[in-house]
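Enquirer: quick one, what's the 3D model for this:
(2 chains)
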Number of protein chains: 2
Amino acid sequence: MTDFAATRRCFDLPDGVIYLDGNSLGPLPRAAQARLARTLSEEWGRELIRAWNSAGWMAEPRRLGDRIGRLIGAPRGTVVVGDTLSLRLYQALAAALELVPGRSVVLSDSGNFPSDLYMAKGLIRTLDRGLELRVVAPEEIETAIDEDLAVLMLTEVDYRTGRLHDMRRLTRRAHQAGALTVWDLAHSAGALPIDVSTAEADFAVGCTYKYLNAGPGAPAFIYAAPRHVDRIEPVLAGWLGHQSPFDFDPDYRPAAGIDRLRIGTPPILALAVLDAALDVWDRVDLADVRRASLALGDLLIAEVERRCAGLTLASPRDGTQRGSQVSFRHEQGYAIMQALIARGVIGDFRAPDLIRFGLTPLYIRESEIREAVEVLEDIVRNRLWDRPEHQRRLAVT
Amino acid sequence: MTDFAATRRCFDLPDGVIYLDGNSLGPLPRAAQARLARTLSEEWGRELIRAWNSAGWMAEPRRLGDRIGRLIGAPRGTVVVGDTLSLRLYQALAAALELVPGRSVVLSDSGNFPSDLYMAKGLIRTLDRGLELRVVAPEEIETAIDEDLAVLMLTEVDYRTGRLHDMRRLTRRAHQAGALTVWDLAHSAGALPIDVSTAEADFAVGCTYKYLNAGPGAPAFIYAAPRHVDRIEPVLAGWLGHQSPFDFDPDYRPAAGIDRLRIGTPPILALAVLDAALDVWDRVDLADVRRASLALGDLLIAEVERRCAGLTLASPRDGTQRGSQVSFRHEQGYAIMQALIARGVIGDFRAPDLIRFGLTPLYIRESEIREAVEVLEDIVRNRLWDRPEHQRRLAVT
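Expert: Okay, here's the model as predicted:
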């Protein structure tokens, strides 16, 4: 049984804030500062270049990949960490496409994160071999799977509505059609139990700055199924994916296994913070997280619908159909969110009209949901959003 | 006049170490720890998601790009920071190739860093339009430039020998042939004065963990000449290269200017360290660095040749022909370097037989060069490399 009082103490949350945006940027783990200070002083500072050996830096992307693997049902040695999620998506899609030559369609849905669609289009343009990116509504994915399908590329949890795809069923359908799958776990890793092995996902990518709490712009991860990995010809053939990087071989020979998806020099300081952030998960059962998250979501929906007229639920009401966030629509969504933030209730806004709340039982309790809705009720009922400071657009929403 | 006693005090160097490997990993700037602690506690910890606006996080890749731009002769707004050097090379080469359709050759030299060659081959394979990567000896580059040339892709300073290409002359030759250039400044940024504008370089990329001292795996940078940038169709079309990322537009519309070469979410913690590392350069004149570096190199060569029989100079003797490192060949190079490191003289080894010393006047003095050569003389004269612990291969050399 996960002790959520204990996990909450692992985070440094500011007073006066109810933080419902951990699905965008997780909070600071208390252990991060000391871990990073040690990496700076004792490793970089004292050991200098020697730390690549003495502190094991070169192995960190794999070691941390294994720590993440445990959270997504990936066996040891199948996940590696580094680069950004957009990049990892490009890499996974390119690898998948090379494994299914002669097929023409990459299928995704209109709820996918725009960057995934952009990266896919950029790759398809670069490949220039008649591929098409087909984007349908999320509920039409299953019927859009046909014999032309090369790769089904989906984000498991919709970044706006929280709608949850059935990874297992859709992967099976794609496989039946002779296609492969690339799953983006940005809004699922650390949010709910995932099992890429049981689901037979072919590739998966994700980020670590949301539910995994590794800090702003923390590195991404990539999973490749063991049955595929040694057949991948990396398009991003960086030296650390070489089987012997320090031979400085003029010819690229990909490393065995997941190492071939490494590219450049690993971001050691960011990996140190990720390591500290992952410590929290050692004491967590994701089934408990899921139960608690759904309870928080159900409570939020019930309280908002009871007290806040004018807000419309944009997320699935059925918890089994959603990830770990709940969103509502309101034409003044932007200003309402600014008013909430000014009062210490931090969620976020997604164009055109969504206010979005991340539910993270590691550090959020039911009492905070009630408090947050009280503030929201006050803002909506008294039109407190209708002030110039709340209407002013910020660069980042 | 640069005060090198003052710049030396900016670094936290361990006692008993003479650090001649700043061309691989620069040492820890004293200001880094406090800068990072502030970013963690006051920005991430207190501000949470709001810091993207309140702490200006989203603008950091551009602001730091401008700080680097000053060191490489790039105008404001032409450099952006993030991702790895291998990735930036891929991005720059892809952009350049799209600007010269109908030509078939990417020309590079056998002294280029292997990752650049691997990434180029991966890109060429992906593009699948009959391009060829032609690799010639460094001294044959100029005569290999012909009318088939699409892109001349070179690292200005050879990572092994320190041989320095003439960026201005070779760029002019490439332009006369109707081609474009991509320059890798990994071993030049912070090592010597560079002026990408005067040289009319088309694209340049570089890393910040060597002479710029931003830490292990610190982010890379990319420069695109203003005359090209708005014609680039990014192959790595990430959301932060979109003209309005927070519109979450299903269609990619590239941002104006260098922003279109941004990809994913910026690595804020690494950028904070880079910011602290760049502070040192505010008090530095690169012409002074160049003079001092050449003096250190000339002294090192003279001392080694006078005292260490069996070592052969692998770098240009003429300082105007080399960057900021000096290398020697010895068949026991690996073990000699291990013996040196065991005695606190840290350089590095590059296969098959090179021992390499980085010369960084920001924190290295002539007296240390003399001391280092004393140790080297002792090792070579008394065959102290011939011990099992020095012969044992480490993972990272």
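Enquirer: got the domain boundaries for chain A?
Expert: Here the domain assignment for chain A is A:4-30+A:285-391, A:56-282, based on automatic domain parsing.
Enquirer: endpoints of the first one, how far apart?
Expert: In other words, domain A:4-30+A:285-391. Criterion C-alpha to C-alpha, to the nearest Å; first-to-last residue distance in domain A:4-30+A:285-391 is 37 Å.
Enquirer: just for the stretch 51-200 of chain A, where's the confidence low?
Expert: Low-confidence segments of the stretch 51-200 of chain A (pLDDT under 70): none present.
Enquirer: show me where it has helices.
Expert: Using DSSP state H, counting those that start in this stretch, the helices found in the stretch 51-200 of chain A span residues A:51-54, A:60-72, A:85-99, A:114-127, A:141-144, A:167-176.
Enquirer: of those helices, which stretch is the most buried?
Expert: Ranked by mean neighbour count under mean count of other C-beta atoms under 10 Å in any protein chain shown, the helices of the stretch 51-200 of chain A are led by helix A:85-99, which reaches a mean of 26. Heads up, the C-betas are built off the backbone N, CA and C, glycines and all.
Enquirer: quick one: the strands in chain A, in order.
Expert: Taking DSSP state E as the test, the strands found in chain A are A:18-19, A:79-81, A:105-109, A:132-136, A:149-155, A:180-184, A:203-207, A:220-224, A:312-313, A:325-329, A:345-346, A:348-350, A:354-358.
Enquirer: wait, A:M167 sits on A:D202?
Expert: No - the pair A:M167 and A:D202 fails to qualify as a contact (C-beta atoms under 8 Å) at a distance of 11.2 Å.
Enquirer: look up the closest residue to the residue in the stretch 51-200 of chain A that chain B sits nearest to, ignoring the ones flanking it.
Expert: Of all residues in the stretch 51-200 of chain A, A:T84 sits closest to chain B, at 2.7 Å by C-beta to the nearest C-beta. Spatial nearest neighbour of A:T84, chain neighbours left out: B:G264 (2.7 Å); criterion: C-beta to C-beta, 6 or more residues apart in numbering or on different chains.
Enquirer: now swap in A:Y19 and tell me
Expert: A:I346 (5.3 Å).
Enquirer: who's in contact with the one you found?
Expert: A:17-21, A:340, B:48-50 (C-beta atoms under 8 Å, 6 or more residues apart in numbering or on different chains).
Enquirer: and the pLDDT for it?
Expert: As predicted, A:I346 sits at a pLDDT of 98.
Enquirer: with A:V396 instead?
Expert: With respect to pLDDT, A:V396 scores 86.
Enquirer: so who does the nearest residue to it once chain neighbours are set aside touch?
Expert: Spatially, and ignoring its direct neighbours in sequence, A:V396 is nearest to B:W52 (3.9 Å; C-beta to C-beta, 6+ apart). Residues counted as contacts of B:W52 (C-beta under 8 Å, 6+ apart) are A:25, A:216, A:395-396, B:58.
Enquirer: go through those and say which is closest to A:G257.
Expert: A:P216 (30.3 Å; C-beta to C-beta).
Enquirer: so how far is chain B from the closest one?
Expert: Distance, A:P216 to chain B, using C-beta to the nearest C-beta, to the nearest Å: 4 Å.
Enquirer: wait, isn't the residue nearest to A:T84 in contact with B:G238?
Expert: Yes - taking contacts as C-beta under 8 Å, B:G264 lies within contact range of B:G238: 4.9 Å.
Enquirer: between these two, who's got more neighbours?
Expert: B:G238 (29 against 25; other C-beta atoms under 10 Å in any protein chain shown).
Enquirer: was I right to think that one contacts A:D83?
Expert: No - B:G238 lies out of contact with A:D83 (C-beta under 8 Å); the separation is 10.9 Å.
Enquirer: what do the two both touch?
Expert: With C-beta under 8 Å, 6+ apart, B:G238 and A:D83 have common neighbours B:G264.
Enquirer: chain center to stretch A:110-128: distance?
Expert: The chain centroid and the centroid of stretch A:110-128 are separated by 17 Å under C-alpha atoms, centre = their mean, to the nearest Å.
Enquirer: count of neighbours near the residue of the stretch 51-200 of chain A closest to chain B?
Expert: Neighbours around A:T84, by other C-beta under 10 Å: 28.
Enquirer: next one: it from B:A372, what distance?
Expert: 40 Å (C-beta to C-beta, to the nearest Å).
Enquirer: ok, A:G241 next?
Expert: For A:G241, the distance to B:A372 - C-beta to C-beta - is 35 Å.
Enquirer: so which of those two has more stuff around it?
Expert: Shown here are A:G241 and B:A372; by other C-beta under 10 Å, A:G241 has more neighbours (27 against 24).
Enquirer: touching, the more buried one and A:A256? I think so.
Expert: No - between A:G241 and A:A256 there is no contact under C-beta under 8 Å: 10.7 Å.
Enquirer: check contacts around A:Q243.
Expert: A:253-256, A:259.
Enquirer: cool, A:A204 as well?
Expert: A:72, A:74, A:92, A:182-185, A:196, A:222-223.
Enquirer: report how many residues lie close to A:T155.
Expert: Around A:T155 there are 26 residues (other C-beta under 10 Å).
Enquirer: mind listing the residues bridging to it?
Expert: As for beta bridges, A:T155 partners with A:D184 under DSSP bridges.
Enquirer: which residue does the stretch 151-300 of chain A bring closest to chain B?
Expert: Residue nearest to chain B within the stretch 151-300 of chain A: A:G264 (2.7 Å; C-beta to the nearest C-beta).
Enquirer: what's the closest non-adjacent residue to the residue nearest the centre of chain A?
Expert: The centre of chain A sits closest to A:A186, judged by C-alpha atoms, centre = their mean, with a distance of 1.5 Å. In this structure, A:A186 finds its nearest non-sequential neighbour in A:C207, 5.1 Å apart by C-beta to C-beta, 6+ apart.
Enquirer: next, count neighbours for the one you found.
Expert: By other C-beta under 10 Å, 24 other residues sit near A:C207.
Enquirer: list residues touching both of B:G264 and B:G238?
Expert: Here B:G264 and B:G238 have A:84, A:86-87, A:115 as joint contacts, going by C-beta under 8 Å, 6+ apart.
Enquirer: which helix runs longest in chain A?
Expert: Ranked by number of residues, the top helix in chain A under DSSP state H is helix A:286-307.
Enquirer: that older thread, Throw the strands of chain A into a markdown table and include distance to A:A272, thanks.
Expert: Listed next are these as a markdown table, based on distance: least, C-beta to C-beta, whole Å:
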| stretch | distance to A:A272 |
| --- | --- |
| strand A:18-19 | 23 |
| strand A:79-81 | 12 |
| strand A:105-109 | 34 |
| strand A:132-136 | 37 |
| strand A:149-155 | 28 |
| strand A:180-184 | 25 |
| strand A:203-207 | 17 |
| strand A:220-224 | 16 |
| strand A:312-313 | 40 |
| strand A:325-329 | 28 |
| strand A:345-346 | 26 |
| strand A:348-350 | 27 |
| strand A:354-358 | 25 |
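Enquirer: now do the contacts for the residue of the stretch 151-300 of chain A closest to chain B.
Expert: Taking C-beta under 8 Å, 6+ apart, we find A:G264 in contact with A:82-83, A:238-240, B:83-87, B:115, B:217, B:220.
Enquirer: what does A:A214 give?
Expert: The neighbours of A:A214, taking C-beta under 8 Å, 6+ apart as the test, are A:26, A:208, A:270, A:273-274, A:277-278.
Enquirer: helices - which of the residues you listed land there?
Expert: Those of the contacts of A:A214 mapping onto helices are A:270, A:273-274, A:277-278, per DSSP H.
Enquirer: restrict those to those near chain B?
Expert: Near chain B, judged by C-beta under 8 Å from any C-beta of the partner chain, the entries from these are A:270, A:273.
Enquirer: need the nearest residue in space to A:I364, chain neighbours excluded.
Expert: Here the residue nearest A:I364, using C-beta to C-beta, 6+ apart, is A:L296, at 6.4 Å.
Enquirer: what is the neighbour count of the one you found?
Expert: Neighbour count for A:L296, taken as other C-beta under 10 Å: 23.
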